[in-house]
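Participant: Structure of the sequence below:
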Amino acid sequence: MSDTVVIALDVGGTGMKCALVQPDGAVHHQERHPTHAERGGDALTENILEIAEGLAARARADGLTPVAAGIAVPGVVDEVTGVAVWAANVGFRDVPLRDLASRRLGLPAALGHDVRAGALAEARLGAGRGRRHVLFVAIGTGIAGGLVVDGAGYSGAHGAAGEIGHIIVRPGGIPCGCGSRGCLETEASARAIGRRYSELSGQAGATAYDVATRAAAGEELATRVWQDAVEALADGLLTAQALFDVGVVVLGGGLAEAGDQLLAPVREALGQRVTFHRTPDIVRAELGDIAGCLGAALLALDSLGSPA
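Facilitator: The predicted structure follows:
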């Protein structure tokens, strides 16, 4: 067992998943904390730094040496400069989080995007391990993706790569929070599925889980709503495959908990759409909600030149 660890934090809108991770990817210690995003960006930044300090202290108390820190956050992230550029749900605006963490901890630090960090973890440690070209798609309240090639994530020229949820799959369709209409996120996210079922059934507050359960039981309306989402997701994945030509698509996030009820029809629908492209394997994510935290650890290790 290595006597070194990295500090890893995955900052979400409501909670933070935090860990001490060994160089081989094994988790030595985990803990979770509320984000308290309602207190504003400055308070959240201080909260992150205090938790990171606590993790460093825990490592030393356990006889381990913390050697780096990795932090994954939502929104637009400049991974080169280490700046959390903007995130509406946590209140960040141009926060130099990497440098702040490095100074506070006295350690090298890395900053990454939460979904791309999750993609990195699934590609190296999870469902995409051993594959060269991996697209991770997280389907929850929204939809986002992360492309990993030869074990390295791709963030794009402006830190905004992977926004597969904003591929337009239904032109002129439902308005999206991004300002466009008919985005994949408005058609196939968990929120969209619940909303659509509620509209058609008149049953307010329906969730994607409700729809999946009722569809599995054979309810006609739920089956139709579920299949419409599957068709939209297949359209989005077809565009992604035309652009990226990946070997495997890893589906994660809350909706992927439906397992084969989602995977099987998505595979079929995508297979029907593919012409000259190669159809990628479509598999379920393996790491669950700790993927972003493990990805943050991998970013920390990479900052030392020690990819896991």
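
Participant: residue contacts, the spatially most central residue of the chain?
Facilitator: The central residue of the chain, meaning the one whose C-alpha is nearest the mean C-alpha position (Cα atoms, centre = their mean), is Val115 at 2.6 Å. The contact partners of Val115, by Cβ atoms under 8 Å, 6 or more residues apart in numbering, come to Pro74, Phe136, Ala138, Ala144, Gly145, Gly146, Gly162, Gly292. C-beta: built from backbone N, CA, C; applies to glycine.

Participant: What separation do you get for it and Phe276?
Facilitator: Counting by Cβ to Cβ, to the nearest Å, the gap from Val115 to Phe276 is 29 Å.

Participant: do Gly70 as well
Facilitator: 40 Å.

Participant: Comparing those two, which residue is more hemmed in?
Facilitator: When Gly70 and Phe276 are compared on other Cβ atoms under 10 Å, the one with more neighbours turns out to be Gly70, at 31 against 5.

Participant: hang on, the more buried one is in a strand, isn't it?
Facilitator: Yes - looking at Gly70 with DSSP: H, G, I helix; E, B strand; the rest coil, it is inside a strand.

Participant: contacting residues around it?
Facilitator: With contact taken as Cβ under 8 Å, 6+ apart, Gly70 is in contact with 6-9, 109-112, 117, 295-301, 303.

Participant: rerun that using 10 Å as the cut-off
Facilitator: If a contact means Cβ atoms under 10 Å, 6 or more residues apart in numbering, then Gly70 has 6-10, 19, 21, 52, 98, 101, 108-112, 117, 293-303 as its contacts.

Participant: same thing with Val85?
Facilitator: Residues Val73, Gly75, Val76, Val77, Asp78, Phe92, Arg93, Asp94, Val95, His158, Gly159, Ala160 are the ones in contact with Val85 under the rule Cβ under 10 Å, 6+ apart.

Participant: residue ranges with poor pLDDT in the stretch 1-150 of the chain?
Facilitator: For the stretch 1-150 of the chain, the stretches with pLDDT under 70 are 1.

Participant: Going along the chain, name the helices of it.
Facilitator: Across the stretch 1-150 of the chain, reading from the start of the chain, the helices by DSSP state H, counting those that start in this stretch fall at 41-61, 97-105, 114-124.
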